[in-house]
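**Student:** A structural model of the following input is requested.
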Amino acid sequence: MPLEVQRINEGTVIDHIAAGAGTRVLQILSSSYPLNGMAALIINAPSKKFGRKDIVKIEGVFIDEKIANRIALIAPEASVNIIKGGKVVDKHHVEMPTSLSALVKCPNPKCITNFERAPTTFIHEGKYLRCRHCERVFKPDELA
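**Tutor:** Here you go, the predicted model:
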């Protein structure tokens, strides 16, 4: 018997999250927005493209570009569906921007941004991100 999750009338559905990464996506969303409505996390759902995937549904929340960029660090293949009136009104894939400013903390404990009031900036270089201040290179999931 297939799993049935209630439809949302207004909100956001984030689909095509790599299996196991849905909890981190939900953590980003819950730390950024008040979750006053229904929230659903579907883990290890079958997927033709990935084999298995996670899905996050949040009622009453419409994510902005800054949060979409943070989600791209964890789930670069994710798609964001904006639901209004029970219908998908906008669908787009998250994209890793060429640079991330003041979005995440540098994991290097000796980076100047951890001591001074300097906003972090990471430059996207292929599969990695380089801190503009300390020049260290990190995998995207190390920053999330």
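**Student:** can you tell me the helix or strand for residue 73?
**Tutor:** Counting by DSSP states H and E, the element that carries residue 73 is helix 65-74.
**Student:** Output the contacting helices and strands for that helix.
**Tutor:** With contacts taken as 3 or more Cβ pairs under 8 Å, 6 or more residues apart in numbering; DSSP states H and E, helix 65-74 sits against helix 22-32, helix 140-143. In this view, the C-beta of every residue, glycine as well, is placed from N, C-alpha and C.
**Student:** give me every residue that touches the residue nearest to the spatial centre of the chain.
**Tutor:** Most central in the chain under Cα atoms, centre = their mean is residue 71, positioned 1.3 Å from the mean C-alpha point. Contacts for residue 71 (Cβ atoms under 8 Å, 6 or more residues apart in numbering) come out as 14, 25, 28, 63, 78, 80, 94.
**Student:** repeat that with 7 Å
**Tutor:** 14, 25, 28, 78, 94 (Cβ atoms under 7 Å, 6 or more residues apart in numbering).
**Student:** low-confidence ranges in this structure?
**Tutor:** Residue ranges of the chain with pLDDT under 70: 1-3, 144.
**Student:** Now residue 85. Nearest residue, chain neighbours left out?
**Tutor:** Closest residue to residue 85 apart from its sequence neighbours, by Cβ to Cβ, 6 or more residues apart in numbering: residue 9 at 6.8 Å.
**Student:** how close does the one you found get to residue 45?
**Tutor:** 21 Å (Cβ to Cβ, to the nearest Å).
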